[in-house]
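> 3D model of this:
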Amino acid sequence: MEHKKIFIVEDEIRICKELVALLESEGYEADYLKNFEHTAEDIVAAGADLVLLDINLPGINGEMVLRELRRKSEVPVIMVTSKTGESDELISMSYGADDYITKPYNPLLLLLRVQAVLKRSAGSGANTGTGIVEYRDCEVNFDRGVITPSAAPDARISLTKNEMIIFKLLYDQMDKIVSRDQIMTVLWDNEEYINDNALTVNISRLRTKLGELGYGDAIETKKKLGYILLSESQGKDK
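Purely as a prediction, here's the structure:
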């Protein structure tokens with residue numbers, strides 16, 4: 001059976017070695033970044049199934065690394081922050097993190113989050129479905145996570161796994177209200193890992209990307225109820 005590989009991006013060697021030992025004791029393959037000259041490129045080259053990315057790195061901010069990484073790869077990322085406020089977490093999620101954990105963390109909680117993110121990643125294909133469909137004047141490829149305008153193929157946008165899962169769920173219930181609980185259940189697959197702020201950020205990011213295609217009104221918010229993906233424009237941009 002193939003072991004999942006976890007790549008650790010952390011500047012404290014002691015912590016790296018402790019994490020490697022912890023992860024290997026649970027059957028994972030683990031390694032860590034040795035220098036930070038080409039961080040994003042080295043993460044991609046590691047070919048990991050999941051990345052633990054510390055937000056405080058020497059000479060560079062972890063959020064900037066994540067932003068650069070998302071231009072090259074959709075590898076699942078758990079951000080590690082030492083701050084207790086929500087700002088780092090929200091920024092990290094907006095840049096494409098799949099989850100986050102705050103230092104000092106319980107090793108068992110970290111393992112549970114790793115397991116949950118890997119499970120979501122492995123199941124994302126089943127959650128999003130397969131094939132190509134049409135939405136308004138665009139072609140939506142659920143396998144590749146790409147939405148392409150028919151009139152301007154070069155203007156296509158790419159969605160993260162979570163964004164595509166949300167879009168597919170809304171698409172399957174077009175013009176109907178999909179509750180936040182429904183979306184979070186599909187995304188996190190376990191109520192223990194639900195985070196309301198993270199969902200808000202993912203919805204906002206998806207809405208922004210659709211807005212880049214001229215469909216800023218595509219997702220309508222129904223307060224206290226959920227969201228609707230509108231099949232046609234309602235004549236206003238949100």
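> Please make it C-alpha for all contacts and neighbour counts, starting now.
Will do.
> Now do the SS call for Leu19.
Three-state call for Leu19 (DSSP: H, G, I helix; E, B strand; the rest coil): helix.
> Give the full set of residues in contact with it.
Applying C-alpha atoms under 8 Å, 6 or more residues apart in numbering to Leu19 gives the contacts Ile8.
> ok, the residue most central in space within the chain - contacts?
Nearest to the mean C-alpha position of the chain, by C-alpha atoms, centre = their mean, lies Asp98 at 3.7 Å. By C-alpha under 8 Å, 6+ apart, the residues touching Asp98 are Pro76, Val77, Ile78, Met79, Val117, Asn162.
> Spatially, what comes nearest to it if we skip its sequence neighbours?
Excluding the flanking residues, the one nearest Asp98 by C-alpha to C-alpha, 6 or more residues apart in numbering is Val77, at 5.4 Å.
> Surely the one you found touches Asp54?
No. Using C-alpha atoms under 8 Å as the test, Val77 is too far from Asp54 to be in contact (10.1 Å).
> how does this structure divide into domains?
5-123, 129-229 (automatic domain parsing).
> Please pull up the helix or strand immediately following the lowest-mean-pLDDT helix or strand in the chain.
Between all helices and strands in the chain, the lowest mean by mean pLDDT, DSSP states H and E belongs to helix 87-94, at a mean of 65. Proceeding N to C from helix 87-94, the next assigned helix or strand is strand 99-102, under DSSP states H and E.
> partners of that following strand in the sheet?
strand 77-81 (parallel) (DSSP bridges).
> Could you measure from the residue nearest to the centre of the chain over to Glu37?
Using C-alpha to C-alpha, to the nearest Å, Asp98 is found at 24 Å from Glu37.
> And for Tyr135?
Distance, Tyr135 to Glu37, by C-alpha to C-alpha: 42 Å.
> Tell me which of those two has more neighbours.
Tyr135 (15 against 11; other C-alpha atoms under 10 Å).
> just checking, the more buried one touches Ser231?
Yes. In this structure, Tyr135 is within contact of Ser231 by C-alpha under 8 Å, at 7.3 Å.
> which stretches of this protein form helices?
13-25, 39-46, 62-69, 87-94, 107-128, 161-172, 180-188, 196-212 (DSSP state H).
> which one of these lies closest to Asp31?
For Asp31, the closest of the helices of the chain is helix 13-25, at 6.4 Å, according to C-alpha to C-alpha.
> what about that closest one, average pLDDT?
Across helix 13-25, pLDDT averages out at 96.
> Which parts of that helix count as buried, going by neighbours?
Cys16, Leu19, Val20, Leu22, Leu23, Glu24 (16 or more other C-alpha atoms under 10 Å).
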